[in-house]
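Q: Below are the sequence and a predicted model for it; my questions follow.
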Amino acid sequence: MTHRENYIRNTTFNNPAWMPISIHCNLASLIEYKGELEDVIVKYPEYFGPFQKGSIDYSVYGDGKCSRREKDAWGYVWNYTYHGLEGFVTDHPLDTWNKFDTYTPPDANEWMDRGGRIDWNAVKENLRKQKEMGVLTSGYLVHGFLFLRLQYLRGFENVMVDMFDEEPKLFELIEMIDKENLKIVRHYCDAKVDLMEVPEDLGSENSMVISRDMFLKYIMPSYKKITSLCRENGVLTAIHSDGYIVDIMEDLISVGMDIINPQDLCNGIENIKRLLKGKCCIRLDLDRAKITPYANRNEIFNLIEYEIKELGSEKGGLEFIYGIYPPTPPDAVAYVCEAFKKYERYWFD
């Protein structure tokens, strides 16, 4: 069974042979630990993908700190302070609604958010080659494609006031954003990808950033447009969100998300089990803040074993993703990999 076949079987509860696992190592961690972390990465290519030890010239990054600004195609400015870590946004182009009538968004047929022009013919040709090789193919919206983008354009406090006041122009702005996002989704549907990734951040550590009522009013209709287009074209849809999203998990299912990617500890395994297990594929985001950066081997093994036993099944429906960020040491990363290797076929042997 190929990786692609197994992944789709797992997502659709059709008896996969193993549990899909993907680990992503942030550049900031590699800058901090260099060869020690590279040794772990090359030992587990099935989780990290191909990587050549010694391929990174760390001398260009110094101590990892940087000071760089980049203007987004939408007009706001990204500020970076550390290589590998996401920046923060300033210079909101719609900080007052007086600027809205003259504002023009970037055409997603021509421009990426960051990185300049996009050649969709080249993107589709690359996806065609991947499909010929039997590789799982995915399309992507940019992280923060709607809820965060509203904040980037207007500023956080302005968006909160807009939602509370039911500002009419906010609905117009959402429609403008939807138009560009759907262009991207259509391109990937035309390419007949297997999976469409739609990443947002809707939660804080202990609560939603906005109420469920506000989510249903302002955000969910846009999600429905995306999932409907994907389903019409036989494309699976995966939603990511950092933070607490317990309040809207059932809504994400009802809107048509095939895969939901919650963080484990801030949402609670019991809540995830109660609300999601068997109803959609769970892409569990393994803790990267409270336990794995600081725990010993037994504690890491116990966490992963517990989550797999509680959320998995012989039919599938559970996958894992793990992001490595400072200060997680190489030993802890190795323990996570060892635990995944031990339990990835727990439900299937």
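A: Received it, and whenever you're ready, just let me know what you need. Model, not experiment: these values are computed from the prediction.

Q: you'd agree Ser222 is in a helix?
A: Yes: judged by DSSP: H, G, I helix; E, B strand; the rest coil, Ser222 forms part of a helix.

Q: so what pLDDT did it get?
A: On pLDDT, Ser222 comes in at 99.

Q: doesn't Met176 make contact with it?
A: No: using Cβ atoms under 8 Å, Ser222 makes no contact with Met176, being 11.1 Å away. Using the backbone N, CA and C atoms, a C-beta is placed for each residue, glycine as well.

Q: So between these two, which is more surrounded?
A: For Ser222 and Met176, the more surrounded residue by other Cβ atoms under 10 Å is Ser222, and the numbers stand at 19 against 15.

Q: Check which element follows the longest helix anywhere in the chain along the chain.
A: Secondary structure of the chain per DSSP state H: the longest helix is helix 168-190. Using DSSP states H and E, the helix or strand that directly follows helix 168-190 along the chain is strand 195-201.

Q: could you give the mean pLDDT of that next one?
A: 98.

Q: which residues touch the helix or strand following that strand?
A: Next helix or strand after strand 195-201 toward the C-terminus (DSSP H and E): helix 212-214. With Cβ atoms under 8 Å, 6 or more residues apart in numbering as the test, helix 212-214 has contacts from 163, 247-248, 251.

Q: Filter these down to the buried ones.
A: 163, 247-248, 251 (16 or more other Cβ atoms under 10 Å).

Q: Which two among the contacts of helix 212-214 are spaced furthest apart?
A: Farthest pair in these (Cβ to Cβ) is Met163 and Asp251. Separation: 16.5 Å.

Q: Return the set of residues that bridge with Ile282.
A: Bridge pairing for Ile282 (DSSP bridges) gives the partners Ile260, Leu318.

Q: Next up, the contacts around the closest residue to Lys273 other than its chain neighbours.
A: Of all residues not flanking Lys273 in the chain, Glu310 sits nearest, at 5.4 Å (Cβ to Cβ, 6 or more residues apart in numbering). Applying Cβ under 8 Å, 6+ apart, we find Glu310 in contact with 269-270, 273.

Q: Out of those, name the ones that lie in helices.
A: 269-270, 273.
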